[in-house]
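Student: Only the shape, not the letters, is given here:
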């Protein structure tokens with residue numbers, strides 16, 4: 001029997017420590033258990049994280065592919081890299097903004113750093129972003145505006161200390177099962193309360209002591225009304241507000257009339273009062289995509305932070321805690337040079353740009369002075385024909401982005417390089433496919449949502465023709481700018497040492513974290529400026545507060561609710577919202593089982609079904625938005641409010657319906673709300689695709 005190898009689960013951002021045993025080539029680990037010595041989870045695991053590490057069911061990419069005669073055909077690495085290099089060089093001759101690069105929160109810190117180094121320092125492109133923009137950008141922007149830096153203040157150690165847990169627009173029972181166990185234990189052992197804010201009765205909401213159900217898209221109105229009630233009812237922690245914050249009076253003047261806001265959110269004033277009163281106890285407020293994926297995501301996240309500030313819920317056992325989906329979203333933000341330079345260095349600062357240029361030994365003028373327009377607007381540039389080459393790494397924009405049909409058309413008009421471990425929907429647009437190693441085959445580090453850095457280690461070699469992410473990136477770089485990386489294969493530890501150097505003396509200081517330290521301690525929380533330092537609760541040290549703002553104080557906000565970007569009307573009279581299923585990973589490429597074909601399942605209230613009986617045929621309907629139409633199986637449930645249609649985010653067809661409007665501050669798309677209607681399927685149903693045969697499923701774009 002082979003030795004057990006310590007690693008980290010890459011299923012979600014909880015960051016559980018794994019003990020894994022090697023398997024046959026190409027399948028990662030053969031046996032995985034929770035690592036009882038790991039400081040993050042102490043041996044706890046969820047079945048899906050173990051299952052998807054040991055036995056992913058998606059179709060594995062095992063050799064490079066090149067499109068010839070309209071079809072992707074096997075090729076060798078020299079040929080694939082030669083074509084990639086030629087097309088990139090040709091595109092860059094026309095300007096650095098002629099190449100787009102789209103990364104992922106599923107990469108290791110080292111791979112994300114390498115991709116950013118090549119995109120920003122080698123290509124100099126402003127059109128580089130990560131798919132973390134699609135899920136965490138609003139929370140990130142809110143943290144920066146309120147505290148001066150990214151990242152939640154609490155840690156996992158604060159969960160058992162809280163009296164009340166407010167879960168807003170998230171379903172951790174499904175998305176973060178291990179963290180949810182800690183939350184439930186805290187409630188049960190401490191005689192606490194679980195309060196859930198969600199339009200849908202999710203698995204988490206079913207366990208709640210209080211469940212508040214706002215109209216989809218009205219979370220900001222509800223949050224501001226709750227804040228107004230806390231202020232008006234004497235729930236203000238005057239000492240904390242006066243000593244450690246600024247902007248309180250302006251915030252108070254911006255608050256809405258409670259009754260008016262309650263009417264907008266379709267929530268009773270009594271429910272708002274009950275919600276506000278929960279913040280009178282020691283409270284952690286958690287939020288997820290139901291808050292972030294909105295044109296008002298930043299304003300809503302800021303308002304949840306405001307609730308913590310105004311009630312003094314900042315400090316051990318309390319505070320704002322956004323829940324991250326992808327395993328390494330935070331590591332991507334710290335290391336990848338997307339929204340900031342490594343270590344959260346300000347992108348527009350000349351001093352920081354000089355430090356990065358010097359570290360990379362590239363001309364300062366090559367580094368872009370803007371972080372770019374964000375993931376969604378980069379695709380707009382592709383659609384306009386302004387970008388010739390797009391390189392996607394461990395991301396599946398054809399399925400994961402809003403208005404996915406538009407995204408697919410944009411990619412079809414671009415030379416696409418797709419780098420991934422499993423076959424994805426984006427491969428239909430790819431001209432070259434570069435196969436990469438996956439979980440259990442990769443070496444490097446990741447960061448979980450509470451800022452802990454931990455190791456990922458290979459339990460097996462990948463298939464013979466599959467390369468590590470960092471080696472693919474370096475091989476491309478060496479053909480374009482040989483000075484960026486050394487020879488291939490690249491040493492991940494050397495890349496991590498580069499990261500450590502660039503983050504030294506920053507708000508995300510990793511300089512005291514080494515591979516040797518991680519091998520001994522298994523996980524270390526940043527900032528860690530020395531080899532013995534490890535951070536705890538953020539901005540707080542022995543009762544003293546110091547935020548990363550110019551004044552050293554936390555900032556209140558003045559957000560005001562506005563209408564949803566696509567209101568319902570007589571033609572599109574229902575609201576679509578989306579959510580996760582527990583059995584599927586992200587867009588499903590790792591967990592997609594082609595032996596289980598068929599359409600996505602739409603969960604709809606029986607009353608709504610009764611009002612649309614003519615739109616049903618043999619348990620199916622067609623969900624239609626202004627952008628596209630999707631055949632769906634219908635599941636009656638009272639857990640979804642009347643007038644709302646719920647669809648899973650993982651099916652590639654679902655995001656053909658969604659809206660590409662974005663938050664003006666964070667550039668995160670409005671994935672959680674758009675207007676739809678139901679129509680009867682015409683013709684026969686194709687059981688393989690779930691589509692209606694002979695029916696035109698795409699209405700004209702309006």
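Tutor: Received the coordinates, thanks. Keep in mind it's a predicted model, so treat the numbers as computed, not measured.

Student: so what's residue 593 scoring on pLDDT?
Tutor: You'll see residue 593 listed with a pLDDT of 61.

Student: do residue 22 as well
Tutor: Looking at residue 22, the pLDDT reads 75.

Student: Can you get me a residue count around it?
Tutor: 21 (other C-beta atoms under 10 Å). In short, each C-beta sits where N, CA and C put it, glycine included.

Student: Same question for residue 145.
Tutor: By other C-beta under 10 Å, the residues close to residue 145 number 19.

Student: Who are the contact partners of it?
Tutor: When contacts are counted by C-beta atoms under 8 Å, 6 or more residues apart in numbering, residue 145 touches 298, 302, 555, 557, 665.

Student: Keep only those of the residues you listed that are in helices.
Tutor: 298, 302 (DSSP state H).

Student: for the contacts of residue 145, which one is nearest residue 87?
Tutor: residue 665 (34.7 Å; C-beta to C-beta).

Student: Which helix in the protein has the most residues?
Tutor: From DSSP H, the single longest helix across the chain is helix 77-93.

Student: That helix - contacts with which helices or strands?
Tutor: strand 65-68, strand 99-103, strand 389-393, strand 415-420, strand 432-435, helix 469-480 (3 or more C-beta pairs under 8 Å, 6 or more residues apart in numbering; DSSP states H and E).

Student: Show me what counts as buried in that helix.
Tutor: Residues of helix 77-93 classed as buried: 80-81, 83-85, 87-88, 91-92 (neighbour count, 16 or more other C-beta atoms under 10 Å).

Student: With stretch 421-434 instead?
Tutor: Buried-residue list, stretch 421-434, by 16+ other C-beta under 10 Å: 421-427, 429-434.

Student: separation between the one residue sitting closest to the centre of the chain and residue 324?
Tutor: Against the mean C-alpha coordinate of the chain, by C-alpha atoms, centre = their mean, the closest residue is residue 135 at 3.5 Å. As judged by C-beta to C-beta, to the nearest Å, residue 135 and residue 324 stand 8 Å apart.

Student: repeat for residue 395
Tutor: In terms of C-beta to C-beta, residue 395 sits 16 Å off from residue 324.

Student: Likewise for residue 510?
Tutor: 18 Å.

Student: same deal with residue 299?
Tutor: The value you get for residue 299 to residue 324, if C-beta to C-beta is used, is 20 Å.

Student: One more: residue 225?
Tutor: Taking C-beta to C-beta, one finds residue 225 at 27 Å from residue 324.

Student: Could you do residue 18 as well?
Tutor: 18 Å.

Student: Residue 419 now?
Tutor: 23 Å.

Student: Same question for residue 13.
Tutor: 4 Å.

Student: what do you get for residue 75?
Tutor: Taking C-beta to C-beta, one finds residue 75 at 37 Å from residue 324.

Student: Please identify which of those two sits among more neighbours.
Tutor: Legend: neighbour count by other C-beta under 10 Å for residue 75 and residue 324, higher for residue 324 (29 against 19).

Student: what's the weakest-modelled helix or strand in this protein?
Tutor: Here the helix or strand of the chain ranked lowest by mean pLDDT, DSSP states H and E is strand 29-34, holding a mean of 81.

Student: quick one: buried residues of the helix or strand following that strand?
Tutor: Next helix or strand after strand 29-34 toward the C-terminus (DSSP states H and E): helix 47-54. Neighbour-count burial for helix 47-54, counted by 16+ other C-beta under 10 Å, picks out 48-50, 52-54.

Student: so which of those comes closest to residue 201?
Tutor: residue 48 (21.7 Å).

Student: got a pLDDT number for that closest one?
Tutor: 82.

Student: ok, now residue 5?
Tutor: For residue 5, pLDDT reads 89.

Student: nearest spatial neighbour of residue 210, skipping sequence neighbours?
Tutor: Take residue 210 and drop its neighbours on the chain: the residue closest to it by C-beta to C-beta, 6 or more residues apart in numbering is residue 195, 4.4 Å away.

Student: How much space separates that neighbour from residue 607?
Tutor: Distance from residue 195 to residue 607, by C-beta to C-beta: 26 Å.

Student: for residue 537, same thing?
Tutor: Residue 537 is 46 Å from residue 607, by C-beta to C-beta.

Student: ok, these two, which is more surrounded?
Tutor: Neighbours of residue 537 and residue 607, each counted by other C-beta under 10 Å, are more numerous for residue 537; the result is 18 against 13.

Student: For residue 39, grab the count of nearby residues.
Tutor: 17.

Student: just residue 531 next, same as before
Tutor: Neighbours around residue 531, by other C-beta under 10 Å: 12.

Student: Can you give me every residue that contacts the closest residue to residue 89 other than its chain neighbours?
Tutor: The shortest distance from residue 89 to any non-neighbouring residue, by C-beta to C-beta, 6+ apart, is to residue 480 (6.5 Å). Neighbour list for residue 480: 85, 88-89, 92, 118, 122-123 [criterion: C-beta under 8 Å, 6+ apart].

Student: how about the residues you listed in a markdown table, adding distance to residue 462?
Tutor: Shown next, in a markdown table, are those (distance: C-beta to C-beta, whole Å):
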| residue | distance to residue 462 |
| --- | --- |
| 85 | 23 |
| 88 | 24 |
| 89 | 28 |
| 92 | 30 |
| 118 | 21 |
| 122 | 25 |
| 123 | 27 |
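
Student: which of those residues lies closest to residue 504?
Tutor: Using C-beta to C-beta, these come closest to residue 504 at residue 118, 22.2 Å.

Student: Am I right that that closest one is in a strand?
Tutor: No. Read with DSSP: H, G, I helix; E, B strand; the rest coil, residue 118 is helix and lies in no strand.

Student: Just give the nearest non-adjacent residue to it, would you?
Tutor: With C-beta to C-beta, 6+ apart, the residue lying closest to residue 118 is residue 477, at 4.7 Å.

Student: Contacts only, for that neighbour.
Tutor: By C-beta under 8 Å, 6+ apart, residue 477 lies in contact with 114, 117-118, 122, 484-485.

Student: Just the closest of those residues to residue 588, please.
Tutor: residue 114 (26.7 Å).

Student: Now do the closest one against residue 590, distance only.
Tutor: 22 Å.

Student: Give me the more crowded residue out of the two.
Tutor: More neighbours surround residue 114 than the other of residue 114 and residue 590, with 30 against 24 (other C-beta under 10 Å).

Student: Can you tell me what sits against the helix or strand encompassing the more buried one?
Tutor: Counting by DSSP H and E, the element that carries residue 114 is helix 109-116. For helix 109-116, the surrounding residues in contact (C-beta under 8 Å, 6+ apart) are 101, 103-104, 107, 128, 130, 328, 331-332, 334-338, 342, 393, 444-447, 453, 468-470, 473-474, 477, 485, 490, 492, 495-496, 498-499.

Student: Measure how the longest helix of the chain sits relative to strand 389-393, angle-wise.
Tutor: If you take axes from the mean of the first three to the mean of the last three C-alpha atoms, to 10 degrees, helix 77-93 sits at 130 degrees to strand 389-393.

Student: give me the low-pLDDT residue ranges for the stretch 1-150 of the chain?
Tutor: Within the stretch 1-150 of the chain, the ranges that satisfy pLDDT under 70 run 1-2, 23-29.

Student: how long is stretch 392-410 from one end to the other?
Tutor: By C-alpha to C-alpha, to the nearest Å, the extent of stretch 392-410 from end to end equals 13 Å.

Student: How about that stretch, which residues are buried there?
Tutor: Buried-residue list, stretch 392-410, by 16+ other C-beta under 10 Å: 392-408, 410.
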